[in-house]
Each structure stands twice: as C-alpha cells, then as structure tokens.
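Engineer: what follows is a predicted structure for the sequence shown.
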Amino acid sequence: FVYQALVLFINNNAAELRYICKMKKKNYFILFFVCCLLLTGCSKDEISGDTTTCIKPENLYSPTAEYDRAGIVLVNSPQEEYTNGYLESVQNEHKQYVSLLKNDGIQVYDIAQILPDIPIDSLRLLAKSIVNFDFGNINTSYDKDTLENKILNHYQTNELVKFIKLVPTIKLDDPKGTDVSINYDNTALTCLIFTRDQSISTPDGEIIGCMNHDYRKPETKVVDFCYNHIGFKPIYHLKNENSRLEGGDYLPFGTLAFIANGIRTNMSAIDELMSADVLGHDTIAVVKDNRNYSHEMHLDTYFNIIDKKLVVMSKDRYYAEKTDNKYLTIDLYTRAPGTKSYMKAETYSLIDFLDKRGVKIIPISTDKYGANFLCIGNRHILAVEGQSDDYVKTMNENGVTIEWVPFDKILISDGAAHCLTQVLKRERTY
C-alpha cells in the first residue's frame, strides 16, 4: 500500500490516491493526499469524494492508450430490447456499474438517454434504416421511399425509439400507408448493451465498424447517430463490404495498437484502416487468434492492458505450445512517424514481443471474464467480482487497484466491464 500510494503521489494522481485511501481506510495517508491535491490543483470536491470536476475538458483527448485515465464513456442501459432474460437483475447490475463510473469522475453518455433526445426527423431516418418494411402485393401510387416516410410520419419519439431497438417488421395493409400491422418477431438489439463493439476510439477519433453477425449490424447505425448527436462525429466508416471490425478486438497502447484478426474482426478491415490512415498509431500489432472459441470472441476476453508495463493474458494462451491453436502470434506493421504507409515487419510470439518491450504479463483465469475489466487509470481497473484468491493476490502484489462489479446475470450474455463501455476521451498520463 505504501508503494502504491507513493507512486500515485509522484505521478500527481489525486483521484487514484483518494480512492485507495478511502477503500483501504488508511487515514494516516491524508498528508499524501492533501499534498497531491495541491500539486494537481483539483477542487475541494476532490476532498468530499466528487471527482467529476477533477479532469478539465482541455486535458481530455481521444484515447491513445488503455491505461490513460478515463474521462468520457458511452454505455447503453438495457431496456426492453434486452431479451436474454433476467432483465431486472441485468438493469440493476448495469446501474451499479454506471454509478461506479460516475463516482470515479467519469462522464457517462447513455444511448438509452441519447436516442429520445435526437430530433424527430433524424430519429425517423434512423428508424427507416433499421425497420423492415413488408409491402406485399399491394398496389400503390407511392414509391417505396415515399411510402416508408408516410408510415413513419405517423409515429412520435417513444414509438420510433421502440422501433429502433426492437427492429420490427411493419407490414402495409392498405395502399395509402395509413393501415399497417407491426410484427416484433425479429431479433431485437439485445447486444447493444455492449457498446464497445460497434466502433473503435482511436487517437484521431471514432471509427464505425461492421458487425460480424447480420442481426447486430443495425447497432452501428444507432451508435453512429448517437455519436453525431453528442458531438463525436466519426472520422471514418468501413467501406469494403467484406470488412468486419468489432471494438473488442482493438486495444490502444500508445504509439502501438493491438488489433485481433479472429472470429469477429478480419484482415480486410485491418488493411482498410491502415490504407485509409485513420488509426493514429505508427505500429500495428495484428494478433492472430486461431482458436475460434465463441466465449473468447474478442481480444479483450483473453488479453487486456493495466499499465504501460503490465498486461494480463489468459493462462491457457500464456502456457500454450507453439503447435497449439491457443498460441498467440502477432504480425507487426510499422511506419516512420509522419508517414502514411505501413510495412509488414516481422511475425513474433506475442509473449516474446511484450517481454522485449519490458512489459510484464500476468497469466490469469478467464472463467469469470477476468480479462474483461475496464482500465480507468494507471493500474486501476473495474473488474468482475468473484475472481479467485490467486487473481486478487497477484493483482495486489502488482499494485493494482480493483473496484469489483457484480455481473452475475450480465455474464450470461458473454461480456463484462470492457464490453459494456466505449471510452471516448481519456487524460494522458505518460
């Protein structure tokens, strides 16, 4: 604890120091805390526990690294679109999680609150791009576009938001577009709760991806509209019809970024992003995931970043033999600073690559999504409660502050803190 407090003091990290003093009940470290407050210039709200005023807007940037202090995030509080069961419990777990984010001074944008706030004409455009229309064999004098507009013009904000989330089929029952029937048998946007997946937040801004499964593709449209509404206009949208990109496969690491080429993100998307020069990193480490394991569908389910010099990796990947499909390699793409073209350098073992950079790897169990934590600052993570004693002990030995989150029911949908959150702005700490 003494070591951890001293590190935070030296790094002028008042919010982190306040948190561990509070959690550890080490009141005799109040002197360190007060000194740190003076050094950082934080307001009196820091002392009372309100960290929301501590990060000034001018200090926030598009994320360059997972370990920088989180400032602004996007989530989606689950509502009627969540159809995986236990809705009330899932809502309570998510609410607790959002409360933790806010208590740590993080500004939270919530899709559930953004959608009803979008101007109704824009909302109708979004609904029109998502809803399925069935005009059958009815003869009408209207063209398809006009008829779709006539139908949606009958609906107001709450109904349009429902259409967007539940993806119904609207069937035309008369040629004038005034009599319709609505069928909600389609797959709703249950997975919109996982706001990590629809985009990636790079040092240059947000990039809208393309989901691997067709039933999830409308999610990118929702997130795109939400970004534009809250002032985070995406810098790029995938264009190649064969490209697939999901946010859980991207982890920024300073001038380096890890991107997994696995079952959800393909090489077509990675090549497209490098060619378009939109990633904002001079080195791209493409992690080759050959396991094809549905419960480790994204990079952030078996590998994650805690600090510039500390990461975690699932034990079965860490100890895998070279002939095992669990064994992780990377194809390294580099470019000179200030240039645009990437060149493939070499293929490395991921473990050897990190070791040569002086990065320590902690092998962990991923049975309860132990790798799917959200790093909100240097060695400060929000993680799924119920991890093993060995997990807790190892994290403590490495000076990691953990806030535990109950995710018993959310885990049924195969995701935890990192999946639930897209970080839009961070405060650079290095």
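Structural biologist: Thanks, I have the structure now. Numbering: from 1, shown residues only.
Engineer: where do the strands sit along the stretch 101-250 of the chain?
Structural biologist: Secondary structure of the stretch 101-250 of the chain by DSSP state E, counting those that start in this stretch: the strands cover 107-110, 132-134, 169-172, 180-183, 199-202, 205-208, 236-237, 250-253.
Engineer: and the last one, what's its mean pLDDT?
Structural biologist: This predicted structure assigns strand 250-253 an average pLDDT of 98.
Engineer: show residues contacting it.
Structural biologist: With contact meaning Cβ atoms under 8 Å, 6 or more residues apart in numbering, strand 250-253 is reached by 63-66, 200-203, 257-260, 265, 281, 299-300, 303-305. For glycine as for every other residue, the C-beta is placed from the backbone atoms N, C-alpha and C.
Engineer: contacts only, for the spatially closest residue to Gln107 that is not a sequence neighbour.
Structural biologist: Spatial nearest neighbour of Gln107, chain neighbours left out: Ile72 (4.6 Å); criterion: Cβ to Cβ, 6 or more residues apart in numbering. Counting by Cβ under 8 Å, 6+ apart, Ile72 touches Leu60, Ile106, Gln107, Val108, Tyr109, Val423, Leu424, Lys425.
Engineer: buried ones only from those, please, as a ChimeraX command.
Structural biologist: Those of those that count as buried under 16 or more other Cβ atoms under 10 Å are selected in ChimeraX with:
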select :60,106,107,108,109,423,424,425
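Engineer: so which of the contacts of Ile72 sits lowest on pLDDT?
Structural biologist: Leu60 (90).
Engineer: that one and Glu427 touch, don't they?
Structural biologist: Yes. Using Cβ atoms under 8 Å, Leu60 is in contact with Glu427, at 5.8 Å.
Engineer: and for the two, which residues touch both?
Structural biologist: Shared contacts of Leu60 and Glu427 (Cβ under 8 Å, 6+ apart): Gly71.
Engineer: coming back round to it: closest to His94 out of the contacts of Ile72?
Structural biologist: Using Cβ to Cβ, Val108 comes nearest to His94 of these, at 11.2 Å.
Engineer: residues contacting the closest one?
Structural biologist: Ile72, Val73, Leu74, Val75, Val98, Leu101, Lys102.
Engineer: adding distance to Lys171, secondary structure and pLDDT, write the residues you listed out as JSON lines.
Structural biologist: Shown next, in JSON lines, are the contacts of Val108 (distance: Cβ to Cβ, whole Å; DSSP: H, G, I helix; E, B strand; the rest coil; pLDDT from 0 to 100):
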{"residue": "Ile72", "distance to Lys171": "41", "secondary structure": "strand", "pLDDT": "97"}
{"residue": "Val73", "distance to Lys171": "39", "secondary structure": "strand", "pLDDT": "98"}
{"residue": "Leu74", "distance to Lys171": "34", "secondary structure": "strand", "pLDDT": "98"}
{"residue": "Val75", "distance to Lys171": "34", "secondary structure": "strand", "pLDDT": "98"}
{"residue": "Val98", "distance to Lys171": "37", "secondary structure": "helix", "pLDDT": "97"}
{"residue": "Leu101", "distance to Lys171": "41", "secondary structure": "helix", "pLDDT": "97"}
{"residue": "Lys102", "distance to Lys171": "43", "secondary structure": "helix", "pLDDT": "96"}
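Engineer: dump these to a markdown table, plus distance to Met343.
Structural biologist: Shown next, in a markdown table, are those (distance: Cβ to Cβ, whole Å):
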| residue | distance to Met343 |
| --- | --- |
| Ile72 | 34 |
| Val73 | 34 |
| Leu74 | 34 |
| Val75 | 38 |
| Val98 | 43 |
| Leu101 | 39 |
| Lys102 | 44 |
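Engineer: where does the residue lying closest to Asn292 once chain neighbours are set aside land in three-state SS?
Structural biologist: In space, and not counting its chain neighbours, Asn292 is closest to Ile263: 5.4 Å by Cβ to Cβ, 6+ apart. Counting by DSSP: H, G, I helix; E, B strand; the rest coil, the backbone at Ile263 sits in coil.
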